[in-house]
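Student: 3D model of this:
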Amino acid sequence: MKKRYVTLPVTDLVTDVAVDQKHVKQLAASLKAQGQLAPVQIRGKDIIDGFHRVAGLIEVGIETVDCIDVECTEEEFLDLRIASALTHEGVKADRAVPWIITEVEKAWPGQDAATLFWGNELLSHESKEWAILKSETWGVGCTAIAGWLNAHHRLAPDVWADKELDYGHRRQIGAATTDHDLQRKLAKKAKDEGLFYREIDVVAQAVVATEDEEERRHILETPLKKKGEEGRQEEIDELKRKAKVAKFLKTPPPKERKRTLEGELLFLAMDMETLPGKIRRVKPETIEVLTDEQRHEFAAVVNLLDQELHRLRDLLGISIVAEIVDETGLVRRE
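Tutor: Residues are numbered from 1 along each chain as shown. Down below sits the predicted model:
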């Protein structure tokens, strides 16, 4: 490949590729203090290596850029670009994946790119050899490449392109579900609450465990209590339980259930902080002065409360202890 040194207006170069803005800021400070120390590698006006340097030059207002213009074929150009992209940890998947897909489409039309690098046994010997050779040229294993391509395939295009989330977050979302609408909701929650990869997995597992939209909505809107790795399953179960309880408490009660004594008998209040916990004890303060008619009405309400307690226990599949009061005093029911 022939090379030549050239100086070009910085705005002449094509810069429509993902960059790490934190790295750009760091480079901009260095460029402002020392100027450009390393040339940008290009082919014509297309950048091979140096996207961050060009972005840094634009950031500080430097109008020209020193380059090495490489004369190469289209395949060599893509190989150089991919190999360069893979040295930039923060953006390597975002940059490399579209170029890898382009190479696969040119070499093996109609072949799924991820399947090619997984090394499916049904693939031809030639295609397997091609994938191995490319992985060696680019300096990364076939399994890693297949993982990036699989994440790209599973994710909604706008979630894949969301640069507010790093690749690890997006990969975790794609691994959790192929439902694009749910992916968008998980992405929003991850950004709003600053969730790490494991925490995204906790929320996603709780959501996909139920098909009830009301319960899903509650899980997605409930801030996650961050715990250590040992509390992972506990977190998933807690999110699922809270969603079921929230839905239960919103469900209209049976028509025959009544409030009595001007609302002093409160119905079914779940302690959300101590699930599985206790139904809070309810007791009208004036129980000792109830008339016979009021006692009869109160006993009916207690009976309905007990029925709803069983309904809640069945719904949640957990053991709940309730303390309720009837006209004879305190009765514990399990």
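Student: what does stretch 163-177 rub up against?
Tutor: Counting contacts by CB atoms under 8 Å, 6 or more residues apart in numbering, the residues outside stretch 163-177 that touch it are 18, 90, 92-94, 147-148, 150-151, 154-155, 159-160, 162, 183, 186-187, 190-191, 195, 197, 200-201, 204-205, 207-208. All C-beta spots, glycine's among them, are computed from the backbone N, C-alpha and C.
Student: Report the buried residues of it.
Tutor: The neighbour-count criterion (16 or more other CB atoms under 10 Å) identifies 165-167, 169-177 as the buried residues of stretch 163-177.
Student: Looking at these, spot the one nearest Leu27.
Tutor: The closest of those to Leu27 turns out to be Asp166 (CB to CB; 19.1 Å).
Student: List buried residues within the contacts of stretch 163-177.
Tutor: The neighbour count (16+ other CB under 10 Å) marks 18, 90, 92-94, 147-148, 150-151, 154-155, 159-160, 162, 183, 186-187, 190, 195, 200-201, 204-205, 207 as buried among these.
Student: Hmm, Ile200 is touching Ala190, no?
Tutor: Yes. Applying CB atoms under 8 Å, one finds Ile200 in contact with Ala190, separated by 5.4 Å.
Student: For Arg53, see how far away the closest residue in space to Asp46 that isn't next to it in sequence is.
Tutor: Leaving aside its chain neighbours, Asp46 sits nearest to Val14 (5.3 Å; criterion: CB to CB, 6 or more residues apart in numbering). In this view, Val14 and Arg53 are 14 Å apart by CB to CB, to the nearest Å.
Student: hang on, the earlier thing: and of the buried residues of stretch 163-177, the nearest to Gly139?
Tutor: Comparing the buried residues of stretch 163-177 against Gly139 with CB to CB places Tyr167 closest, at 17.7 Å.
Student: where does this structure have low pLDDT?
Tutor: Applying pLDDT under 70 to the chain flags residues 226-235, 241-242, 244-334.
Student: how does it divide up, domain by domain?
Tutor: Following automatic domain parsing, one gets these domains for the chain: 1-72, 74-154, 178-249, 253-333.
Student: coming back round to it: show me the buried ones among the contacts of stretch 163-177 that map onto helices.
Tutor: Of the buried ones among the contacts of stretch 163-177, the ones assigned to helices by DSSP state H are 92-94, 147-148, 150-151, 154, 159-160, 183, 186-187, 190, 200-201, 204-205, 207.
Student: and Thr64, what are its phi and psi?
Tutor: Backbone torsions of Thr64, given as degrees, to the nearest 10, read phi -120, psi 160.
Student: That one against Val10, yeah?
Tutor: Yes. Using CB under 8 Å as the test, Thr64 is close enough to Val10 to be in contact (6.1 Å).
Student: if you count what's nearby, which of these two comes out ahead?
Tutor: Taking other CB atoms under 10 Å, Thr64 and Val10 do not tie; Val10 has more neighbours (20 against 13).
Student: Report the separation between the residue lying closest to that one once chain neighbours are set aside and Glu71.
Tutor: Closest residue to Val10 apart from its sequence neighbours, by CB to CB, 6+ apart: Val65 at 4.5 Å. Using CB to CB, Val65 is found at 19 Å from Glu71.
Student: Of the two, which one has the most company?
Tutor: Legend: neighbour count by other CB under 10 Å for Val65 and Glu71, higher for Val65 (23 against 12).
Student: and the more buried one, what is it in contact with?
Tutor: Here Val65 is in contact with 7-10, 13, 36, 40, 53-54, 57 (criterion: CB under 8 Å, 6+ apart).
Student: One more pass at 10 Å, please.
Tutor: By CB atoms under 10 Å, 6 or more residues apart in numbering, the contact set of Val65 is 6-13, 36, 39-40, 42, 47, 50, 53-54, 57-58.
Student: Identify those among those residues that sit within strands.
Tutor: With DSSP state E as the criterion, strands contain 6-9, 40, 42, 47 from among the contacts of Val65.
Student: Farthest-apart pair in the residues you listed, please.
Tutor: Put simply, by CB to CB the two of the ones in strands among the contacts of Val65 set farthest apart are Thr7 and Ile47, 14.9 Å from each other.
Student: what about the strands in the stretch 151-300 of the chain?
Tutor: Assigned by DSSP state E, counting those that start in this stretch, the stretch 151-300 of the chain shows strands spanning 278-282.
Student: Would you map the helices across it?
Tutor: Along the stretch 151-300 of the chain, the stretches classed as helices by DSSP state H, counting those that start in this stretch are 157-160, 167-176, 180-193, 197-208, 213-221, 232-250, 292-316.
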